[in-house]
Structures are given as C-alpha cells and as structure tokens.
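S.K.: only geometry, no sequence info:
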C-alpha cells in the first residue's frame, strides 16, 4: 500500500465514505428491482415512486403460476446442468493434455480455442439456426445443450488448464514410477487435487448457460424455452408491460447468479479472463 | 426445408454490397464508438476504484465483494432493469433529477443520447471487472519499491505514475483485451432496451445482423456482416497480443 502522507484516520474515513457511495451506485439498480418485485402491481411503477409499501408475494405467485413458467425453469436447469457436465467431461481431459504435453501446433490450437470467444454469438446462431432447423431439432433442449458447448468448452479448457498448470507434476511422476498409467494418474491424482478448480469452472459454465439469451431465443419456440427468453416475453406484450411481474421474474433469474457469485468470488477473475488472470 | 435447395452461392457479392451499405457502415461506426468509449471509461473508473478499495478496512472488504454482483447478473435482466430506470416518464433516474430541479432527460428516447445511455449501462455492469483485475495487480506489488521511492523523496503521485502504472501494464493490457473482445459482442442490453434505438442511433452490428438475419431472413448477408466483424476482432486481438508480447507478457 502506498504510504500515506496525511493523517491516516481522516483519509480512511473519507475513503470509506466514497466507498459507501460507490457501493450504493453499483447496487441500486439491483435493489430497485428487488423492491419493485415485492410491491403490489398498481404501485410498482408510479411517479413519484412509492417506497414504503407492505411487501407482497403476489407478483411471484403470478409469475410462477403463469402458464409455462415451471417448464421454462426446468428447461433452464436441465440445459445449464447438462451443458456444464458435458463441458467439464470433455474439457478437463483436453485441458490436462494441453497442460502436461507438448505437441506441434499447441499454441496455435490454444489460440484457436480462445478465438471462439471472439466471435459474436450472432455468428454462431445464424448457421446453427439453419442446421438445427434442417435436422428437425428446432425447439429442443438437446440443441441448446450441444450448442452451448461453443462457449462453455473453451472456457472450461482454458480455466482447467490454468488450474492444472498450478498442480506440480511431482505427484504424477511419483505415480509413474510406481507403474501408474497416464489416465490413471489423471483420474486418481490430478482430478481430486483440482476439485476446487473443477467446481469453479462448473459454476462459470452453469452461469453462462443459465444467463444465455440469444441462442435460446432463436433456437427455441414454446417447448424448450428458457428463463431469459421468458423475461423478454414480458417486454413484448401488446397489453402493456407488467413491470412488477417482470421484476419478480428478474429476481428469480438473478437468484442463482448472485448466490454463485458470492460463493465463487475468489475465483471470479479467473473465470472471466479464461484463466489469464488469477485472483 | 433443406439448406441446399434454397441457398445458392453468390460469391463475394454479399461482402461487396456490405461496403456500400450505409446502414452497415453506420452500425460499424456505432460499434467502434461504443467499444472505445465503454472500455476507456471502464478502465479509468476501474483504476480509480481499485486504488480506492486497495485498503484493509471492513468497508473496503465488503465493497470488493458486493461490487462483483453487477458483473454476473443476467445481461437481459440488466437491460430490462435499466430500461425501467431510464424510462422518460416513470423512470427512477428522471424522478431523482426532477427532485433536484433538473429537466427530465430522454435517456433512451433521444437519438443523440441513447448510445451514451447504453455506454453507461455497460460501464455500470463491467467496471467492477477492471477494478478486480487492477486490484489483483495492486496486491502483488512489491512493497520495497515504494519504500525505496519514499526514501528518495517521491510523493504519492510520483509513486503512482512511475512505479504502479508501469508494473500494472501487463494486467491492464490483459483486462483491456478481454473487455474489448466482450464489448464487441454485446447484444442483450441493446435488445432489451432500444432494439436499435430511436431510428438507427443504437443499431450496432450485432443487432443489425440479428435483424437482417432473422427479421428480413437475409441469412447470407447477415453472415457476411458477422464475418467482417470477426475479422476485425481477430485483427485487433492479434495487434493487442503483439503489443503485449513487446511489453513482456503473454496471455
């Protein structure tokens, strides 16, 4: 920390005050949504805004009982969980190979995997839409699960590689001396040691699949619709926007992300930079 | 409907048309403006916040934790939330402005302000990312350098400029690279708030490609658009990585 030339106490109090203002600025939209979600429908979106109302669960009840909500929730859960599982199952061995072995074109391959992040989602959606329609897989969960691998797999490989790089090879070498095969060493030694890495990567894959909007909107109709698409249905209503219900639905969608963020906060930076920066 | 039956190869005509399409040029211009403004503001603000929060007080600790939340909120929810906040008549921001005796601002309704409003939204959501990255760098600063500089009579500003900034350069470069890539791809908040904005004032390339591909069904044209953007992004990334290698780091 930079040595302070002025009185430590006053500088800290001033800094704390600014920090509190910053916290408020960055959190007030979320607090706004939370408070709107608990307001009765008629008071939700008024001028001037009403702050102190008796909190009600009416909006949540309306959202949950709306036709299709439980189906959308299940879709979101299934798609997110399955996509995460696949990306870990395919990504971890690949990451292990990148971490432990050297082969021709390794750097190029790594950059190519990273470059899939550079393309806009629209770039993937256009061809996938045509392929999915031709295969008759439109409006199916399996198409979403498979296509989310486009961004989950690179994330998984890069993050897991950075975690594997941090595990010294001594354990595996000791195991090789004892006659262990590569695969056994991977499964029995490296995987258990990298459990925190696996769980962090899973959380990120889950979050990105849960939050994904564009592919879900384009590739699903009524049956496989996920929660983010449901929310946009609220904006596009012709009978006027139901602000309170929309806030309640937003809160339901935000819940897993906020919980997971607070849980995985130590590894947040690693996840967002694909393992390039560690906290 | 089979792909082969209805599509035919037209060579490079899509790309040729793109270069003379004023709507695409406008979208490209808006996207580049958006990327440059958003990334710069996030960098500066994130840097200041990182300096602010690089302390040991309880409030700073809580702040570091809580500030992460905006980054992970579903982007479509972020878009919807800010649409509520930015509403000209009922939005909270205009209400607070009116309380302070300012005139209400047509945040999303005015062609000249809409893009700026969306830059603010992206800044709101992703400044914590820059802050986190720079904080991680600040934490690994060796103390001895500062002590030596202090002995030599360097003030706080000089320490900042001549020690902190150069040491932070690799991390700043990585963070800016990641952020640039991600801002080029932005879609959800534009879709939820303006869908291209009043007229075409917020019609960035991803939105335009979406409209052309899925509203007008000109898939080939939209695909060409997106490929051009991909090439631009790859070009920028390669330049960036080369600069990073010159500065002594790699991804």
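M.R.: Perfect, I can see it now. Owing to the predicted nature of the structure, the values given are computational and were not obtained by experimental measurement.

S.K.: elements contacting the host helix or strand of residue B:167?
M.R.: Taking DSSP states H and E as the definition, residue B:167 sits inside helix B:165-184. Packing contacts for helix B:165-184, counted by 3 or more CB pairs under 8 Å, 6 or more residues apart in numbering or on different chains; DSSP states H and E, involve helix B:22-53, helix B:114-139, helix B:219-246. Using the backbone N, CA and C atoms, a C-beta is placed for each residue, glycine as well.

S.K.: looking at these, which is closest to residue B:154?
M.R.: helix B:22-53 (16.3 Å; CB to CB).

S.K.: helices of chain A, start to end?
M.R.: A:8-37, A:58-65, A:69-100, A:106-115, A:121-135, A:141-165, A:170-177, A:182-185, A:191-193, A:195-211, A:214-219, A:227-235, A:243-263, A:268-272 (DSSP state H).

S.K.: who touches the residue positioned nearest the centre of chain A in this structure?
M.R.: Taking CA atoms, centre = their mean as the criterion, residue A:207 is the residue nearest the geometric centre of chain A, at 1.9 Å. By CB atoms under 8 Å, 6 or more residues apart in numbering or on different chains, residue A:207 lies in contact with A:256-257, A:260-261, B:72.

S.K.: now do the buried residues in the helix holding residue B:167.
M.R.: Buried residues in helix B:165-184, counted by 16 or more other CB atoms under 10 Å in any protein chain shown: B:167-184.

S.K.: look at residue 217 and say how many residues are nearby.
M.R.: I'll assume chain A. For residue A:217, the neighbour count with other CB atoms under 10 Å in any protein chain shown is 20.

S.K.: try again with chain B
M.R.: Residue B:217, neighbours per other CB under 10 Å, totals 10.

S.K.: secondary structure class for it?
M.R.: coil (DSSP: H, G, I helix; E, B strand; the rest coil).

S.K.: can you list contacts of stretch B:83-91?
M.R.: A:29, A:32-33, A:36, A:45-47, A:235, A:243, A:247, B:92-94, B:104-109, B:117, B:192-193.

S.K.: buried only: go through the residues you listed for me.
M.R.: A:29, A:32-33, A:36, A:45, A:235, A:243, A:247, B:92-94, B:105-109, B:117, B:192-193.

S.K.: give me the low-pLDDT residue ranges for chain A?
M.R.: A:1-11, A:236-240, A:279 (pLDDT under 70).

S.K.: show me how it divides into domains.
M.R.: A:1-31, A:68-272 (automatic domain parsing).

S.K.: so which of those comes closest to residue B:160?
M.R.: Of those, nearest to residue B:160 by CB to CB is domain A:1-31, at 7.1 Å.

S.K.: need the helices of chain A in a markdown table with distance to residue B:127, can you?
M.R.: Listed next are those as a markdown table, based on distance: least, CB to CB, whole Å:
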| stretch | distance to residue B:127 |
| --- | --- |
| helix A:8-37 | 8 |
| helix A:58-65 | 30 |
| helix A:69-100 | 27 |
| helix A:106-115 | 24 |
| helix A:121-135 | 23 |
| helix A:141-165 | 22 |
| helix A:170-177 | 41 |
| helix A:182-185 | 43 |
| helix A:191-193 | 35 |
| helix A:195-211 | 19 |
| helix A:214-219 | 24 |
| helix A:227-235 | 23 |
| helix A:243-263 | 16 |
| helix A:268-272 | 13 |
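
S.K.: which of those helices sits closest to residue B:63?
M.R.: helix A:8-37 (4.9 Å).
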